[in-house]
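# Provided below for reference: sequence and predicted model.
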Amino acid sequence: MSEDNKRTSESEVDLEDMVASTDSGSRKPAGMPGKLLVSIAAAWSLFQLWIASPIPFMLGFGVFSATESRSIHLAFALFLAYMAYPALKRSPRDRIPIQDWVLAAAAAFCGAYMFMFYEQLSQRPGAPILQDVIIGVAGILLLLEATRRALGPPLMIVASVFLLYSLAGPWMPGILSHGGVSLYGLINHQWLTTQGVFGIALGVSTSFVFLFVLFGALLDKAGAGNYFIKVAFSLLGHYRGGPAKAAVVASAMTGLISGSSIANVVTTGTFTVPMMKRVGFSAEKAGAVEVSSSVNGQIMPPVMGAAAFLMVEYVGISYVEVIKHAFLPALISYIALVYIVHLEAMKANMQGLESSNPPKPLVRKVIGFLGGLLLMMVTALAVYYGLGWLKPVLGGATPWVVAVGLTVIYIALLKLAAGYPELELDDPDTPIYKLPETRPTVLVGLQYILPVIVLIWCLMVERLSPGLSAFWATVFMVFIILTQRPITSIFRNRSDMAADLREGVMDLWNGLVTGARNMIGIGIATATAGIIVGAVSQTGVGLVLAEVVETLAMGNLMLILLLTAVLSLILGMGLPTTANYIVVSALLAPVIVNLGAENGLLVPLIAVHLFVFYFGIMADVTPPVGLASFAAAAVSGGDPIRTGFQAFYYSLRTAALPFLFIFNTDLLLIDVSFLQGIVIFVVSTIAMLIFAAATQGFMLARNRWYESIVLLLIAFTLFRPGFWMDMVHDPYESVPPSQFVEALGDVDEDATMRLQIAGVDPYGEPMTTYMQLPVPEGETGEERLENLGLELLIEDDRAVVDMVAYGSQAANMGFDFEQEIIEVLAPVDRWTKELMWIPAFLVFGLIVVMQRRRRDRSAATASA
């Protein structure tokens, strides 16, 4: 074997080990242990499908409470973690040592303890006996070891530090000290209630995340992953830097259903990185493009690396609302990455790969695109309103009619696909000089879109729970896996029913096993992150962190946000997306909310959670720990640290977005109309492209230094026009607190006032904070104040809270007895902030003219 081939094969082995060790476990034992490992993994998938389905409730059998389900879920995860993940690098991969069998059984028993002794534990709440404590201590230690094996040391170390902090509170220095927790109290809180390990995070993993990961695994086994990559290449591969653009789009499509940025890097990168290098990208830049697009898959709804479901629980809004708020920044970020790739190709004068599509004039391309878009819109409207009309007519038979209709469409799509050759899996080591044709490539796999449509329909239209939506989409996916081969073979007149069915069953089995193995790390991560959340609620360490950040930032809002971003990056290092979000949201989201309110920045909770989430996932990119960068470097053969820095440079747009939507929540489509949303999307996309051109130093020609600065200012103005408008015209006027009732009666009913309140916090310490007051209904100020549930005592120039009605709007906002209103800011009529877009676009037009002239002069000089 040649030295190059030897190095390549070693690199492939290292890459496979990296993916396996971070996603599914690198141990693949032979014989009976191997069969047992995959059987238990498949059993876990079947259990999750069972508890998500309506069947147990219909039969009155196999119904588990939320706590019992979480306990069984963790037992499966712990058992498989010890079976699939070796203890050390030198541990055997082809067999399971006896000590791992013992640890797996012990860990599974501790995990299932809440299920097995559910009745007894419910009869002694908060009073654990010695047996409970022994099981709890063993369970926590075994969970920490499983975490080290499956996810590496970082999360295990962080969780251990929080456990020690809980126990050692009285001996901690200065502001870190607290009353301390007894061992019995710690175990009760962490292992025997739903405050710690078995808390919200593990509940979300049990109820929602598993089904979405399983859905993604089945979709991939059916051939959708290969289909997405081929479609992206056929559409974009012939443009400048085409393979890189295709990599971005393919990663976006796989990121929709993937819960892992590293798996995304390897799945698409194995094919895209060599082709990027072929058209002129360096190894580091090719790897960086793949990292940026794969990590961005974690911010793309509907899965968002499982964080979308956690946000539902932590923020307290519906899943559809989370998707609505998260969609626009993710889409803008992806469009900007495609543009960055285009600029890189322009700078290096790269070309695309040869297209197999017959040449078409531009007009035909535009007409074809608009025709396809119009057809999709008409179809969507027909289905939506058609079903809306049919439901009252059909009543209870509607699901059966819809199922029959879906089956007919599915068979018609298979009939269409049968007229084109099957998509083969490409060998990444074999050069591709000619791209596949777009039409046959797109038409041969349209059936893979149907389960995604079912998922989105159930979530967005039927408003089913995420778990039930994923269940029905998965059921349809199972039907497709089992039937697509036999039906397609019949249409192609080469049917071998038994062999086709056997292959379908094997694909289904492999999908069930892969889905479960991909969930081991997520299940372990959510349980271990629960330790951190439990410690925060038991010790009040969040308040300490807020005090530290406030002291370091000296009350400066931008410094508070920068410090929070840096802390999110540090906490996110080496953690998977799910654990990462749980940790940073539990520790840092309250910091921004509380300190921001004290300093006049009132931010919706969803904006804060997205802020810490964005910076948490940036840790997958950032050296020295960026795991996705190491995976991409293993694929590209480049230097991992340089790949990480290049990827971070490409990801600056993702780092800028959180700051922008904290100060301008229009980007999250909060309180905007449909028409406003379209305008915001168009202008924000242009702004992000301008930002990308500024940071890349190239637009139509290479930027002069002052052009980059001006482009950054233009982008900032388009993103946050209110910053400049506030300088021209303050949006609020200050009203004396004694005139609060009169001001409340004068403002419009749909307006929002801002109040500064002084009082004491829940711990008796003096505090000053701001709050937003949506103006309640009422004809007069007194009537509105009464509807608010508030009574004030006006003395001289002071306004003091005299009474707050229980359960009223005022009580929910945080008003309390003896608080003093020390500042009232009432909204005033002013010019719309969007007027600031006009000068920004005029200046941008001037830069475009300057660069175009420079480019034309350079072209004329080169041709001469």
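Looks like it came in fine. Since we're looking at a predicted model, the values are computed, not measured. Numbers count the residues shown, from 1 in each chain.
# give the contact list for Q646.
If a contact means CB atoms under 8 Å, 6 or more residues apart in numbering, then Q646 has E284, K285, G287, A288 as its contacts. Glycine gets a C-beta too; all of them are placed from N, C-alpha and C.
# Quick check: what element follows the helix or strand hosting the first one along the chain?
Think E284. Element membership of E284 [criterion: DSSP states H and E] is helix 283-296. Toward the C-terminal end, the helix or strand that comes next after helix 283-296 (DSSP H and E) is helix 307-315.
# how about that next one: buried residues?
Residues of helix 307-315 classed as buried by neighbour count (16 or more other CB atoms under 10 Å): A307, A308, F309, L310, M311, V312, Y314, V315.
# Point out the other helices and strands that it packs with.
helix 200-204, helix 319-347, helix 466-491, helix 577-598, helix 605-617 (3 or more CB pairs under 8 Å, 6 or more residues apart in numbering; DSSP states H and E).
# out of the contacts of Q646, which one sits closest to A862?
Checking the contacts of Q646 against A862 with CB to CB, the nearest one is K285 at 24.7 Å.
# Correct me if wrong: that closest one contacts A345.
No. With contact defined as CB atoms under 8 Å, K285 does not count as touching A345 (10.5 Å).
# And those two? Which one has more around it.
More crowded of K285 and A345, by other CB atoms under 10 Å: K285, with 25 against 22.
# Distance of F723 relative to H729?
12 Å (CB to CB, to the nearest Å).
# The residue lying closest to L718 once chain neighbours are set aside sits in which helix or strand?
What sits nearest to L718 in space, not counting adjacent residues and going by CB to CB, 6 or more residues apart in numbering, is A687, at 3.6 Å. Using DSSP H and E, the element containing A687 is helix 674-696.
# What is that helix packed up against?
helix 319-347, helix 652-663, helix 705-719.
# 10 Å - rerun?
helix 319-347, helix 640-650, helix 652-663, helix 705-719, helix 837-863 (3 or more CB pairs under 10 Å, 6 or more residues apart in numbering; DSSP states H and E).
# in the longest one, what's buried?
Yep, that's helix 319-347 we're talking about. 319, 321-346.
# Show the residue spans covered by the strands in this protein.
Along the chain, counting by DSSP state E, strands occupy 732-735, 752-760, 766-774, 790-795, 798-804, 820-827.
# and the angle for the second one with strand 766-774?
Taking axes from the mean of the first three to the mean of the last three CA atoms, to 10 degrees, one finds that strand 752-760 is oriented at 160 degrees with respect to strand 766-774.
# Just give me the neighbour total for the residue nearest to A138 when sequence neighbours are not counted.
Among residues not flanking A138 along the chain, C110 sits closest, at 5.4 Å (CB to CB, 6+ apart). When counting by other CB under 10 Å, one arrives at 24 neighbours for C110.
# From here on, call the first residue 59.
Shifting the count to begin at 59 puts that one at C168.
# just checking, C168 touches V191?
No. If you go by CB atoms under 10 Å, C168 and V191 don't touch, sitting 12.0 Å apart.
# where do the contact lists of these two overlap?
Residues touching both C168 and V191 (CB atoms under 10 Å, 6 or more residues apart in numbering): W249.
# Can you give me the domain boundaries for this protein?
79-260, 790-887 (automatic domain parsing).
# got the end-to-end distance for the shortest one?
Chord length of domain 790-887, first to last residue, is 9 Å (CA to CA, to the nearest Å).
# Averaged pLDDT, it. What do you get?
Taken as a whole, domain 790-887 has a mean pLDDT of 82.
# Identify the single longest helix in this protein, thanks.
helix 555-597 (DSSP state H).
# Could you give the number of residues near V510?
For V510, using other CB under 10 Å, the count is 19.
# Revised request: answer the last question for K147.
8.
# which of the contacts of Q704 lies closest to A557?
Of the contacts of Q704, the one sitting nearest to A557 (CB to CB) turns out to be G345, at 40.2 Å.
# residues in contact with the closest one?
With CB under 10 Å, 6+ apart, G345 has these contacts: 323, 327, 331, 334-335, 339, 686-698, 700-702, 704-705.
# so how far is T330 from it?
On the measure of CB to CB, G345 and T330 end up 10 Å apart.
# Name the residues contacting each of those two.
Joint contacts of G345 and T330 (CB under 10 Å, 6+ apart) are V323, V693, S694.
# ok, now which ones touch A585?
Residues in contact with A585 (CB under 10 Å, 6+ apart) are 128, 131-132, 135-136, 169, 197-198, 201, 204-205, 217, 254-257, 259-260, 263, 637.
# N722 now?
A665, I728, I738, S742, F777, R778, P779, G780, F781, K891 are the contacts of N722 under CB under 10 Å, 6+ apart.
# Over to I744?
I390, I393, I772, A773, L776, W895, A898, F899, F902.
# Give me the buried entries from these.
I390, I393, I772, A773, L776, W895, A898, F902.
# With respect to A583, which of those residues is nearest?
For the buried ones among the contacts of I744, the minimum distance to A583 (CB to CB) is 28.6 Å, reached by I390.
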